[in-house]
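Q: Provide a 3D model corresponding to the input given below.
(2 chains)
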Amino acid sequence: DAGVTQSPTHLIKTRGQQVTLRCSPKSGHDTVSWYQQALGQGPQFIFQYYEEEERQRGNFPDRFSGHQFPNYSSELNVNALLLGDSALYLCASSLGDGEQFFGPGTRLTVL
Amino acid sequence: DAKTTQPTSMDCAEGRAANLPCNHSTISGNEYVYWYRQIHSQGPQYIIHGLKNNETNEMASLIITEDRKSSTLILPHATLRDTAVYYCIVPFGNRDDKIIFGKGTRLHILP
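A: Residues are numbered from 1 along each chain as shown, chains lettered A, B, ... in the order given. Below is the predicted model:
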């Protein structure tokens, strides 16, 4: 079992650009959540996808959007990147009421 | 906002038990307490969770007070690999589906 995988591992973008991050959930999991973790801070909940729909959302602007595919994998899109969007982006998957399993994250740097 | 408070940092000698406290005084009767840890530059790792009763697994033990307003995570024989940030979390509602992380406790295992 590969667990939760994320791609790419690292990414460098410039202000104003758009970025797409990808996540494959742990085998058998149907729910994907995304988190943003700034340096020295705990992860902040962005949103959660279940059955290809956004089910819950944290306090993030509309520049942050996502998608879940029929195979439960998910994408996080961020438009009009700002310097403050530089962070580690974490994906977590779960099944039903089970605990969340996190991927290794994608380190995004915005210059 | 996170519903838990934890000490910012703790030290523990290698081979000794590490006891990490957490206050969650506003917890509701049906809310679980979850513990995750994050080793530097990795995604958070699930450790254990509980509702009322004490819990034990291969990684740790969780002691929850009778009034459920606080809990303690116990790593029985700490090793250097246990050095990490430990997060105590009370997700909203019954489901582990919107995890609000605080800043956690940075545990240093001393050789």
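
Q: which residues in chain B form strands?
A: For chain B, the strands defined by DSSP state E occupy B:9-13, B:18-23, B:33-38, B:45-50, B:55-56, B:61-64, B:70-75, B:84-89, B:105-110.

Q: how close does A:Q6 get to chain B?
A: 8 Å (CB to the nearest CB, to the nearest Å). Quick note: C-beta positions are derived from backbone N, CA and C, even for glycine.

Q: what's the answer for A:G66, then?
A: Distance of A:G66 to chain B, computed by CB to the nearest CB: 15 Å.

Q: which stretch of helix or strand covers the closest residue to that residue other than its chain neighbours?
A: Nearest residue to A:G66 in three dimensions, chain neighbours excluded: A:L76, at 5.1 Å (CB to CB, 6 or more residues apart in numbering or on different chains). Here A:L76 sits within strand A:74-78, counting by DSSP states H and E.

Q: and that strand, what's buried?
A: By neighbour count, with 16 or more other CB atoms under 10 Å in any protein chain shown as the criterion, the buried positions of strand A:74-78 are A:74-76, A:78.

Q: could you export those residues as JSON lines, including distance to A:F47 and pLDDT?
A: As requested, those are exported to JSON lines (distance: CB to CB, whole Å; pLDDT from 0 to 100):
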{"residue": "A:S74", "distance to A:F47": "10", "pLDDT": "97"}
{"residue": "A:E75", "distance to A:F47": "12", "pLDDT": "98"}
{"residue": "A:L76", "distance to A:F47": "8", "pLDDT": "98"}
{"residue": "A:V78", "distance to A:F47": "12", "pLDDT": "98"}
